[in-house]
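Visitor: Pasting the sequence and the predicted model now:
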Amino acid sequence: MLKRHARAACTALAAAGLLLAGTSGATAGSAPAAPSAATTLRTADAPPELLAAMQRDLGLTPTQAKARLAHEAEAGATAARLRMRLGAAFAGAWVDGADAATLTVATTRAADTAAIRATGATAKLVSRTLADLDSAKAALDGAATAGTPVRYVDPRSNTLVVEEAEPGAAARLLAATGTDAALVTVVRTAEAPRPLYDLRGGDAYYMNGSGRCSVGFPVTKGTTNGFATAGHCGRAGTTTSGFNQVAQGSFQASVFPGNDMAWVAANAQWASTPYVKGSGGANVQVTGSVLQPVGASVCRSGSTTGWHCGTIQQHNTSVTYPEGTISGVTRTTVCAEPGDSGGSYISGSQAQGVTSGGSGNCSSGGTTFFQPLNPILSAYGLTLKVTGGDPGPGPGEPEPGGTWKAGTVYAAGATVTHGGASYRCIQGHQAQTGWEPPNVPALWQRL
């Protein structure tokens, strides 16, 4: 472990398949069209600093960078609806192209391909479901060692990938768990992931006056301000000081290994802000926590290397560090170095997670892993600090009855009631005022 001393009613189901949210206009006398996913996630409000970093790190033109964020938002919503419809046959989804204009959805059932194409997505027929591959990966996770440091499901190849640092390590792991070798692609690697040691996302903070990490995302818990960060940065009771070395707060809870999550409660001198530190120190706004699909762009802020971008490679990855295995992290092409740990990953204005670890550096490139943010918010009862949003019902306009509640972290598949109707969550997120189910078909499907 390294330490651095001195971040709606949903669009209706059409007879032939699902319609992409926001693509059909309202007819005369009908209700206004529900907002598109790009509108809900406010991709048009992306700051120049984020767009500039995407252009630099992903080789995009200004037009491609703006289009990519909008396409990624729509692709995430469409893939989420299709996942609900395909059920057990769903085998993954991803975006391709410089501007992420191509969404591919995989299924093991040939009868699903027409419904997939009806949404504008490309259909791919494969032999293994995502659930089957995830189950096989879980078996490997329980027996993995540093010789097989990374395991993940690759939906593009419909295989379980095992990275092998020692010759024969993957074969031994498969034999020990009784895993069918036909499910697995072995990739040789010379890299050894490690935690990236070293109240705005990306700013530095110091643990017990020595080691340094980065703020993930500012949060609140009741009237207490604080931030989410990586669990390997400190244990409950570890005291912190801020980037300016002023006393800041202390870790309230921490998990590592297993997961890599923690939160720090700040003292009265520190106030949570809805920002991540972007290029040149500019503020990048945070408006929500919707996890983006494989292939989507993502940018990271850290106190060592600053602002860098890349793409999401796989979700639900497992990594074995020298200290133990963590599961449920997301693998990315973004670089990072010691001291960036705990810092912010953001896609457009949607918070994604906090830096866990990785390999390589920001000179030669590398691979990094982030702990998704929503599980941290849910585990510790935290509320993400966000900008904008609808002010909510005014005087004399009570919220419609139901079980939906702002501040709750909803996972895909969760069901709620609102205004007398039932809804199913299709993309995990923390609910906020203005994102009531009837208003955001990118996030909720009416039942």
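Guide: Done, it's in. Numbering: from 1, shown residues only.
Visitor: low-confidence ranges in the chain?
Guide: Applying pLDDT under 70 to the chain flags the ranges 1-32, 196-198, 389-400.
Visitor: which helix of it spans the most residues?
Guide: If you go by DSSP state H, the chain has its longest helix at helix 62-86.
Visitor: Would you mark the buried spots in it?
Guide: Residues of helix 62-86 classed as buried by neighbour count (16 or more other CB atoms under 10 Å): 64-86. Where C-beta positions appear, they are placed from N, C-alpha and C, glycine not excepted.
Visitor: Likewise for stretch 261-280?
Guide: 261-266, 270, 272-279.
Visitor: gap between the two ends of stretch 104-119?
Guide: Across stretch 104-119, the terminal residues are separated by 11 Å (CA to CA, to the nearest Å).
Visitor: contact partners of it?
Guide: With contact meaning CB atoms under 8 Å, 6 or more residues apart in numbering, stretch 104-119 is reached by 14, 16-20, 78-79, 81-82, 85-86, 89-96, 121-130, 155-156, 158.
Visitor: and the gap between residue 66 and residue 73?
Guide: Look at residue 66 and residue 73: by CB to CB, to the nearest Å, they are 12 Å apart.
Visitor: Residues that sit against both of the two, list them.
Guide: Counting by CB under 8 Å, 6+ apart, the residues touching both residue 66 and residue 73 are residue 43.
Visitor: picking that back up, measure how far the following helix or strand past the longest helix of the chain is from the centre of its chain, please.
Guide: Following helix 62-86 in sequence order, the next helix or strand is strand 90-96 (DSSP states H and E). Centroid separation for strand 90-96 versus its chain: 15 Å, with CA atoms, centre = their mean, to the nearest Å.
Visitor: again with stretch 217-235
Guide: Chain-centre distance of stretch 217-235: 17 Å, with CA atoms, centre = their mean.
Visitor: picking that back up, quick one: list the elements packing against the longest helix of the chain.
Guide: Counting contacts by 3 or more CB pairs under 8 Å, 6 or more residues apart in numbering; DSSP states H and E, helix 62-86 is packed against strand 17-18, helix 37-40, helix 48-58, strand 90-96, strand 102-107, helix 113-118, strand 297-302.
Visitor: any residues touching the third one, and which ones?
Guide: Contacts made with helix 48-58 from outside it, assessed by CB under 8 Å, 6+ apart, are listed as 60-62, 64-66, 68, 98, 278-280, 282, 284, 297, 299, 307-311, 334, 346, 348.
Visitor: Any idea how many residues pack against residue 156?
Guide: Per other CB atoms under 10 Å, the neighbour tally for residue 156 reads 16.
Visitor: show me where the stretch 301-447 of the chain has strands.
Guide: Using DSSP state E, counting those that start in this stretch, the strands found in the stretch 301-447 of the chain span residues 306-321, 324-332, 344-347, 350-361, 365-372, 383-384, 409-410, 415-418, 421-425, 429-430, 444-446.
Visitor: nearest to residue 199, of those strands?
Guide: Closest to residue 199 of these is strand 344-347 (CB to CB; 11.6 Å).
Visitor: packing partners for the strand or helix carrying residue 195?
Guide: Secondary structure assignment for residue 195, by DSSP H and E: strand 194-195. On a contact count with 3+ CB pairs under 8 Å, 6+ apart, strand 194-195 meets strand 350-361.
Visitor: Swap in 10 Å and give it another go.
Guide: Judged by 3 or more CB pairs under 10 Å, 6 or more residues apart in numbering; DSSP states H and E, the packing partners of strand 194-195 are strand 306-321, strand 350-361.
Visitor: CSV for those strands, including distance to residue 47 and mean neighbour count?
Guide: Listed next are the helices and strands packed on strand 194-195 as CSV, based on distance: least, CB to CB, whole Å; neighbours: other CB atoms under 10 Å:
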stretch, distance to residue 47, mean neighbour count
strand 306-321, 11, 23
strand 350-361, 13, 27
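Visitor: check contacts around residue 182.
Guide: 127, 128, 159 (CB atoms under 10 Å, 6 or more residues apart in numbering).
Visitor: Among those, name the buried ones.
Guide: By 16+ other CB under 10 Å, the contacts of residue 182 give 128, 159 as buried.
Visitor: Just want to check the distance between residue 63 and residue 108.
Guide: Distance, residue 63 to residue 108, by CB to CB: 37 Å.
Visitor: now residue 350
Guide: Distance, residue 350 to residue 108, by CB to CB: 30 Å.
Visitor: same thing with residue 207?
Guide: Remark: distance between residue 207 and residue 108 (CB to CB) = 47 Å.
Visitor: neighbour count winner among those two?
Guide: A side-by-side neighbour count of residue 207 and residue 108, using other CB under 10 Å, places residue 207 first with 22 against 18.
Visitor: could you pull out the strands for the stretch 101-250 of the chain?
Guide: Using DSSP E, counting those that start in this stretch, strands in the stretch 101-250 of the chain cover 102-107, 122-125, 150-154, 159-164, 184-188, 194-195, 204-207, 211-214, 217-221, 224-229, 239-241, 247-255.
Visitor: Comparing those strands, which comes out most buried?
Guide: Mean neighbour count (mean count of other CB atoms under 10 Å) peaks for strand 211-214 among the strands of the stretch 101-250 of the chain, with a mean of 29.
Visitor: Quick one: list the elements packing against that one.
Guide: Contact here means 3+ CB pairs under 10 Å, 6+ apart; on that basis strand 211-214 packs against strand 204-207, strand 224-229, strand 297-302, strand 350-361.
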